[in-house]
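Q: Have a look at this prediction, sequence included:
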Amino acid sequence: MDLRWLKPLLGRPGPFTSVFLDATRADVAGDEEVLGRWRAVRRGLERDGAPAAVLDEIEERVGRPLGLSGPHGRVLVADAEGVRVDRAVTAPPTASTGTCGPVPVLLPAAQAADECTRYLLVVVDRQGADLTWSDGTGSRDAERWVVEGDHDALHKVRDGGLSDKRAEDSWDRNAEVVAAEVDRQVASKEPEVVLLAGDVRAVALVRDAVGQTVRERLVDVAGGSRAEGVHREFWHRVDECLEAFRWRRREAVLARYREQQGRGSGAVTALDDVVAVLQRGQVSELVISASGGLGARTLWVGPEPLELAVSEAELAAIGVQGPVRSMPADAAVLRAAVGQDAGLTLVDDGQVELVDGVGAVLRWSDGSTPSEAVPTQSSDQMRLRRIV
């Protein structure tokens, strides 16, 4: 999972107000229903000392519908100066909650966001394409636009001949126009997956014309038509493709984690060792138990995201200057992951072996990297039981 949406929180002053709200509207008149949930949360935040100006800004945002239908949630995180994160998620919380404290509450928001996928949907025919961009918040039409080709000799004559050749050329040229726009949008918006649907012949032409970056992200969706519009049955197939993509994404990370663990390098587990590789910016993907295996563990952190350690003394030993403080371990490791552009994969119990409920897949390793094959200074004896 991409964590870049949390970057606006890095280096910001506390206290942090974290809100996870059920933003589902039962009907078009459901705004007051959502505001009622928010006001119940607000009363608790006021008792906790959240700044009134921040609460007013959150309320003003909550009062503006996002235009989403069906069940969905909303994550808002503010620092002392205002809202920094405002994101819709497809899964609403079972109960709306709010917390005000020295650090933002990140793991529940990340768990909800794990069901979101940034995608570009391209529905093509022989004349052009309809493009829909979703930032992963569940919106069906967050941004839509039309691409039309510049050649209109699209109809073959029954006897073939010159008109037949002109039609083939037109289809090819129009596919090139669509492909160029798809290439441009993928470079700009960086979707995780590009869904391609529509006329079978046009789909094949566009697939052949796009660049390698797009081709690596392409997933075909059966059906879809520009003329008929996009119907519920088609959206159901889109949802199935997105769910399959998320499953493949998760399994690819876990396969790499298991492989590197088996080799004794390239992956680590146990909180002490994960902290060590986070300090050095080695982490490609953080792996955390969705059941909250980190529990009530705490770490010590400095002003910068990669300044974290298991004790205040260790933080001083690695040369951290400036104010230091303790932080819940889940927030500290997520903060460090965001700071080094690492991803996050949440796993159910038993999917992979995780000591302390946390592990990491590494970008690189060297002789000083904690190893699964030899003892380190880790105080966690559970990890050492695997060493022979």
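A: Noted; the coordinates are in hand.
Q: Distance check, Val54 against Glu46.
A: Applying C-beta to C-beta, to the nearest Å, the value for Val54 to Glu46 is 11 Å. No exception for glycine: its C-beta is placed from N, CA and C like everyone else's.
Q: would you list every one of the strands in the stretch 151-300 of the chain?
A: 193-198, 218-220, 267-269, 283-289, 298-301 (DSSP state E, counting those that start in this stretch).
Q: Neighbouring strands of the fourth one in the sheet, and parallel or not?
A: Strand pairing for strand 283-289, using DSSP bridges, gives strand 343-347 (parallel), strand 358-362 (antiparallel).
Q: just checking, what's the longest helix in this structure?
A: Using DSSP state H to define each element, the chain has its longest helix at helix 232-263.
Q: Show me which residues of that one are buried.
A: 234, 238, 241-242, 245-246, 249-250, 253-254, 256-257, 260-261 (16 or more other C-beta atoms under 10 Å).
Q: so it versus strand 283-289, what angle?
A: Computed by axes from the mean of the first three to the mean of the last three C-alpha atoms, to 10 degrees, the angle separating helix 232-263 from strand 283-289 equals 100 degrees.
Q: Please say which of Val54 and Glu46 ends up with more neighbours.
A: A count of neighbours by other C-beta atoms under 10 Å puts Val54 above the other of Val54 and Glu46, at 21 against 14.
Q: before we move on, what SS does the nearest residue to that one once chain neighbours are set aside have?
A: Sequence neighbours aside, Ala78 is the residue nearest to Val54 in space, at 4.6 Å (criterion: C-beta to C-beta, 6 or more residues apart in numbering). Put simply, Ala78 is strand when judged by DSSP: H, G, I helix; E, B strand; the rest coil.
Q: burial of Ala78, as a residue count?
A: The tally of other residues near Ala78 (other C-beta under 10 Å) stands at 27.
Q: List the contacts of it.
A: Residues in contact with Ala78 (C-beta atoms under 8 Å, 6 or more residues apart in numbering) are Phe16, Thr17, Val54, Glu57, Ile58, Arg84.
Q: ok, and the most crowded of the residues you listed?
A: Busiest of the contacts of Ala78 [other C-beta under 10 Å] is Thr17, holding 28 neighbours.
Q: Pretty sure it sits against Arg42.
A: No. Counting by C-beta atoms under 8 Å, Thr17 stays clear of Arg42, with 9.9 Å between them.
Q: Overlap of the contact sets of the two?
A: Leu55, Ile58, Gly98.
Q: tell me which residues in whichever strand or helix holds the second one are buried?
A: Under DSSP states H and E, the secondary-structure element containing Ile58 is helix 52-62. Neighbour-count burial for helix 52-62, with 16+ other C-beta under 10 Å as criterion, is recorded at Val54, Leu55, Glu57, Ile58, Arg61, Val62.
Q: Would you mind measuring the gap between the ends of stretch 302-322?
A: Terminal residues of stretch 302-322 are spaced 7 Å apart (C-alpha to C-alpha, to the nearest Å).
Q: Touching it from outside, list them.
A: 10-11, 271-272, 275, 278-281, 299-301, 323-324, 326-327, 332-333, 335-336, 338-340.
Q: Give me the buried entries from those.
A: 271-272, 275, 278-280, 299-301, 324, 327, 332-333, 335-336, 338-340.
Q: Need the CA coordinates for stretch 188-205. CSV is fine.
A: Provided in CSV are the C-alpha atoms of stretch 188-205 (Å, rounded to 0.1, in the frame of the first residue of the first chain):
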residue,chain,number,x,y,z
SER,A,188,1.1,12.4,-14.2
LYS,A,189,-1.3,10.6,-11.8
GLU,A,190,0.7,7.3,-11.2
PRO,A,191,-2.2,4.9,-10.8
GLU,A,192,-1.5,1.5,-9.4
VAL,A,193,-3.5,-0.2,-12.1
VAL,A,194,-4.9,0.7,-15.5
LEU,A,195,-8.2,-1.0,-16.3
LEU,A,196,-8.9,-1.3,-20.1
ALA,A,197,-12.4,-2.2,-21.5
GLY,A,198,-14.6,-1.7,-24.5
ASP,A,199,-14.6,-2.7,-28.1
VAL,A,200,-12.4,-5.8,-28.5
ARG,A,201,-10.6,-4.6,-31.6
ALA,A,202,-10.0,-1.1,-30.2
VAL,A,203,-8.8,-2.6,-26.8
ALA,A,204,-6.2,-4.7,-28.7
LEU,A,205,-5.0,-1.6,-30.7
